[in-house]
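Colleague: Got a predicted structure plus its sequence, pasted below:
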Amino acid sequence: MPQLINFQNLFAVAFGLMLFTTFIMGFFSRDFYTQDVVKKKFSIMDLEIPATQKELANVIRGLYKLPRPEAVKAIKALRWHLYIDFLFMPVAYGAIFLLCMLVSGKMMTYGIYVYSGLAWLQIVPWVCDIIENIYLLSKIRPHSPLSTPGIHKAYLIMEGFKWGIAAAGVIGAISAVCYFWLSTDYETGSLHYLLIIIAEIISFLILGRLFLKRKPAAETRIR
């Protein structure tokens, strides 16, 4: 089945690029520090799913409260992380799309529509991710304004759609793949693709171990 093999090739490439862009973003995230009474580490998830609009603003304002060299480094790191994320999106959601389409090709009757539907639904989290990054980039300024409660609520709802649909595609597709493997309902020609994916994951873990070690952070209180 040439179409199936083509999808497998594309998935292996997309998955590898996804891990590579994840590695680059992880490299920049090492400099994610903010000043909030004490200097502390933060993660991109603190900006993607903040409990309140004030929490989001405090993290960003805290970047500018760091000593100047650290502030410049942290602000550049956050901006570059978000820029690289625009490259991460097509390969990440593309990989989920391809995986769901591969599964739909193995399904019968309604399963075909369920998984092909999950595949095309990945456009929604991709669009949400683009909006999220533009929103966060617009917030990076010394006096980052507080969002209104309505905008903040809409932002969190959008995040729910982004993560929910993407997770549904990943979990659903991986569950189906595991079922096919356990029931030995797979083509032997696909085994080398599994080895490629495993090799990509191992390479990513080794690179992460070597280059993405967290920098020690001395927490300093504001006096």
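Modeller: The structure has been received and is ready for your questions. Since this is a predicted model, take the numbers as computed values, not measurements.
Colleague: Show me which residues of the longest helix seen in the chain are buried.
Modeller: What stands out as the longest helix in the chain, according to DSSP state H, is helix 68-104. Across helix 68-104, burial judged by 16 or more other C-beta atoms under 10 Å covers 70-71, 73-75, 77-78, 80-82, 84-85, 88-89, 91-104. All C-beta spots, glycine's among them, are computed from the backbone N, C-alpha and C.
Colleague: would you list every one of the helices in this structure?
Modeller: In the chain, the segments counted as helices under DSSP H are 2-29, 44-48, 53-63, 68-104, 110-120, 123-139, 149-182, 191-211.
Colleague: gap between the fourth one and the chain center?
Modeller: The chain centre lies 6 Å from the centre of helix 68-104; the measure is C-alpha atoms, centre = their mean, to the nearest Å.
Colleague: And it, what does it pack against?
Modeller: helix 2-29, strand 33-36, helix 53-63, helix 110-120, helix 123-139, helix 149-182 (3 or more C-beta pairs under 8 Å, 6 or more residues apart in numbering; DSSP states H and E).
Colleague: Turn the ones you listed into CSV, including mean pLDDT, distance to Leu205 and mean neighbour count.
Modeller: Formatted as CSV, the helices and strands packed on helix 68-104 follow (pLDDT from 0 to 100; distance: least, C-beta to C-beta, whole Å; neighbours: other C-beta atoms under 10 Å):
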stretch, mean pLDDT, distance to Leu205, mean neighbour count
helix 2-29, 86, 9, 17
strand 33-36, 91, 25, 20
helix 53-63, 93, 28, 19
helix 110-120, 92, 28, 16
helix 123-139, 96, 24, 17
helix 149-182, 92, 18, 15
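Colleague: Let me know which of those is the nearest to His192.
Modeller: Of all the helices and strands packed on helix 68-104, helix 2-29 sits nearest to His192, with 9.4 Å by C-beta to C-beta.
Colleague: That'll do, ta.
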